[in-house]
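*Asks:* Fold the following and give me the result.
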Amino acid sequence: MREIFTRIEDNAPITIEVATEIDVVQKEYPWLVSVFIKYAKPKEDEENYTFLELKESLIIALELEKKAVFVGMRVVDGWSELYFYAREPKAHEATVAKLLKEMHYPYESNAVKDAKWDFYEMQLFPSDLEFCHIQSAKIIFLLQEEGDTLLEPREVEFYAVFDTPTQKERFVAHAIDAGFTYKDDLSTEEYDHGVAMTRVQCVSEEAMAPSVESFFEMVQKERGHYEGWSTVFLGDASDEEE
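*Replies:* All right, here's what the predicted structure looks like:
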């Protein structure tokens, strides 16, 4: 499974695509391979692959040959940075050169030892908060697909669960001070002490991001677990939930 999200680095947004489920034994792929590609239009008499087609062709070729496994991509300053973990430091070179030179894409490639996959964990894999924003974006996408403009304020429910009732009570007090409203207690299979809080707002990404971050941070402060949010599609009775 791959996820796409935005991260701020050096005060600038970068787009990251990451494979969050990788079915390989990491120690068998100790080499971090980077392939930096800058788009260049092919000559008129050549097949006009789009960049996405080229990227997927490269991933498929390396993975089918069991030379490397794709772990993610970053888009920075017009360059697409593709990252793989490989069995050997140079096993990818022939495949990369064949595909990219034929399509006339300027590129750079490098390999460094990273047996513990530190780059993947630190630079590509989403943080807990970034996962929250990823799930939030999915809800917003589904609302848009149904024709919701996202700009009409409506009640949004946020959920959290805790190990103890004291943690929950302290959290509720902080959330109310922050502008949320208590709605109901809730429980899950794992946690008996949960709560639903609400806030009336529009559900665009720009509006939801600070609300999700504020709620998440308050939950973390009380060592609880953020359980996402839900709302209604205006003009329909159905709920969209994480």
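
*Asks:* mind listing the helices in this protein by residue range?
*Replies:* 51-64, 93-102, 118-119, 128-145, 165-177, 205-221 (DSSP state H).

*Asks:* mind putting those in a markdown table, mean pLDDT included?
*Replies:* Below are the helices of the chain laid out as a markdown table (pLDDT from 0 to 100):
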| stretch | mean pLDDT |
| --- | --- |
| helix 51-64 | 90 |
| helix 93-102 | 87 |
| helix 118-119 | 98 |
| helix 128-145 | 96 |
| helix 165-177 | 97 |
| helix 205-221 | 97 |
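
*Asks:* Mind splitting the protein into its structural domains?
*Replies:* As assigned by automatic domain parsing, the chain contains the domains 2-124, 128-241.

*Asks:* now the ones you listed as CSV including mean neighbour count?
*Replies:* In this view, the C-beta of every residue, glycine as well, is placed from N, C-alpha and C. What follows is those, written out as CSV (neighbours: other Cβ atoms under 10 Å):
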stretch, mean neighbour count
domain 2-124, 15
domain 128-241, 16
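
*Asks:* hmm, back to that, can you list the helices of the chain in a markdown table and add distance to residue 85?
*Replies:* Formatted as a markdown table, these follow (distance: least, Cβ to Cβ, whole Å):
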| stretch | distance to residue 85 |
| --- | --- |
| helix 51-64 | 10 |
| helix 93-102 | 14 |
| helix 118-119 | 9 |
| helix 128-145 | 21 |
| helix 165-177 | 39 |
| helix 205-221 | 30 |
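
*Asks:* Ok, which of the ones you listed comes nearest residue 9?
*Replies:* Taking Cβ to Cβ, helix 128-145 is the member of the helices of the chain nearest to residue 9, at 12.5 Å.

*Asks:* How about the contacts made by the residue nearest to residue 76 when sequence neighbours are not counted?
*Replies:* Of all residues not flanking residue 76 in the chain, residue 14 sits nearest, at 5.2 Å (Cβ to Cβ, 6 or more residues apart in numbering). Residue 14 sits next to 6-8, 74-76 when contact means Cβ atoms under 8 Å, 6 or more residues apart in numbering.

*Asks:* quick one: residue 14 from residue 234, how far?
*Replies:* 33 Å (Cβ to Cβ, to the nearest Å).

*Asks:* rewinding a little: farthest pair within the contacts of residue 14?
*Replies:* 8 and 75 (13.7 Å).
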